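Asker: Give the three-dimensional model of this entry:
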Amino acid sequence: MAPSPSAAPLAMLRAQTALELRLTLRRGESVLVTLVLPVLLLVFFSAVAVRGPSAGGEAALPGLGAALGRRPVDTLLPGVLALAVMSTGMVSLGIATAYERHYGVLKRLGGSPLPRPALLGAKILSVLALELGQVVLLLGVAAVLGWRPEVTAPRLALAAGALLLGTAAFGGLGLWMAGSWRAEATLAGANGLYLVLLLLGGVIVPVESLPVPWGSLAALLPSAALAGVLRFALDWRPGPQSALLDFTLLCLWAILAPLLAARTFRWE
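Answerer: The predicted model follows:
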């Protein structure tokens, strides 16, 4: 029986995806940024909020939602999930791809039987696999910290869709930097942008609690849009109108960032 014409490309895609995932897990800095740091932030800020000097003993940090009667982990988890997507899709993927391009790995792979779309597809699939592990890990840690969600199936579907859109948005930003900047510039730019979005991008502290000038600007960022949709989907923040606006903005980022990467990406 002759093999299917699509069998070889699919086999190459599976093999390259497994390779990309192994390479990512072997890089200590990638493991730190994608798996360790989000968990540490969730645990640390939950502990700070619980032990802070507030009247009720909770939510000492501004904007962590004590007025809504929520535990700190309830308000922190959506933002940390957004942070996990940002660390994997932008920082890890962007830096690794930039150095592969710098050392000529992409050029050599481009001349191999592996089609370039299959290479990009393998990178995307490896990112999604790593993000699935991040989500499972963070949800488990959140459950230990007392997270008890009351969400419906449509909201879970909304959360899953938001994570996919966030992956497209931040993956597009990472590949844009990797394909058009020098490797050293991508390293500095991705880490610098990660730090800025962590502190002032609506991830840990919602944009409503940021100072007015920055809060208005931060509301337009993909990190704030992703975190806003996740807060609504995970039954923390009310207001479907605000969630719809965030979802629309996230869709725009998920379209524009990959288009920018596709137009500017250079393989060598």
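Asker: what residue ranges in the stretch 1-150 of the chain score low on pLDDT?
Answerer: The stretch 1-150 of the chain contains residues with pLDDT under 70 at 1-7, 49-70.
Asker: From residue 257, how far out is the closest residue to residue 24 other than its chain neighbours?
Answerer: Excluding the flanking residues, the one nearest residue 24 by Cβ to Cβ, 6 or more residues apart in numbering is residue 30, at 5.2 Å. Any C-beta I mention is one placed from the backbone N, CA and C, and that applies to glycine too. Distance, residue 30 to residue 257, using Cβ to Cβ, to the nearest Å: 20 Å.
Asker: before we move on, back to that, the residue nearest to residue 24: which element?
Answerer: helix 28-31 (DSSP states H and E).
Asker: what residue lies at the spatial centre of the chain?
Answerer: Centroid-nearest residue in the chain, with Cα atoms, centre = their mean: residue 85, separated by 1.3 Å.
Asker: Quick one: list the elements packing against the host helix or strand of that residue.
Answerer: Secondary structure assigned from DSSP H and E places residue 85 in helix 72-86. Where contact means 3 or more Cβ pairs under 8 Å, 6 or more residues apart in numbering; DSSP states H and E, helix 72-86 is packed against helix 37-51, helix 116-144, helix 153-180, helix 183-200, helix 222-233.
Asker: pLDDT averaged over the fourth one, what's the number?
Answerer: Averaged over helix 183-200, pLDDT sits at 93.
Asker: Just the buried residues of it, please?
Answerer: Applying a neighbour-count criterion of 16 or more other Cβ atoms under 10 Å, one finds 183, 186-187, 189-191, 193-194, 197-198, 200 buried in helix 183-200.
Asker: what residues are up against residue 240?
Answerer: Neighbouring residues of residue 240 by Cβ atoms under 8 Å, 6 or more residues apart in numbering: residue 232.
Asker: For it, give its distance to residue 211.
Answerer: Separation of residue 240 from residue 211 (Cβ to Cβ): 26 Å.
Asker: Isn't residue 186 up against residue 94?
Answerer: Yes - contact criterion Cβ atoms under 8 Å: residue 186 and residue 94 qualify, at 5.7 Å.
Asker: Check the contact lists of the two and give me the overlap.
Answerer: By Cβ under 8 Å, 6+ apart, residue 186 and residue 94 have these common neighbours: 177-178.
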